[in-house]
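1. take a look and give me a structure for this.
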Amino acid sequence: MLCILWPFLLLGVLCSSSPASTLEVTINNSHYYAARGSDVKRACSFTHDMTTMHFMDIKWTVVFGTEDERHILWLVDGVFISETYKPLTGRVRFTSSDPTNGDASIIIKDVRLSDSGSYRCFVNKLPEKDLKTLELTVMELPSKPQCSADREFA
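-> As a prediction, this is how the structure comes out:
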């Protein structure tokens, strides 16, 4: 809150407050487990003040370690910039035809063991921004057990 006091004019206190944050990103689950070869939906939604017509940026990234972050999908003010991370080329897309309406979920087709990692859903609607991080663990399906009996009769 910004307040200005004008004591010499005895006008009192003139205060203006910045509006409360209207952008909030939410996720259904912070850790997903998936079988290799399956399709995985990574849910990410957000709410924002629809009355303000500001620049909007929706971005999904995959994070390796603490510093290495790669873009997967990016919607920059209505323009799609997709598949900048080559290992996911042709296998990832937004689930909504218009993610700016609040559904920034993605689907990853035919997940691989190498797809395991931290994924970030980032929404930037100037002047506000918010992000959530989700973990994906891809596992190998167990093999079918094979049983046999040795039948020797005396």
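2. residue 134 belongs to a strand, doesn't it?
-> Yes: assessed by DSSP: H, G, I helix; E, B strand; the rest coil, residue 134 belongs to a strand.
3. beta partners of it?
-> residue 119 (DSSP bridges).
4. which non-adjacent residue is nearest residue 93?
-> residue 107 (6.1 Å; Cβ to Cβ, 6 or more residues apart in numbering). Using the backbone N, CA and C atoms, a C-beta is placed for each residue, glycine as well.
5. which residues touch that neighbour?
-> 39, 40, 41, 42, 92, 93, 95 (Cβ atoms under 8 Å, 6 or more residues apart in numbering).
6. give me that answer again for 6 Å
-> Taking Cβ atoms under 6 Å, 6 or more residues apart in numbering, we find residue 107 in contact with 39, 41, 95.
7. thought the first one was touching residue 109?
-> Think residue 39. Yes: Residue 39 lies in contact with residue 109 (Cβ atoms under 6 Å); the separation is 5.0 Å.
8. centroid-nearest residue for this protein?
-> residue 121 (2.0 Å; Cα atoms, centre = their mean).
9. which SSE is that residue in?
-> Using DSSP states H and E, residue 121 falls within strand 117-125.
10. many thanks, I have nothing further to ask.
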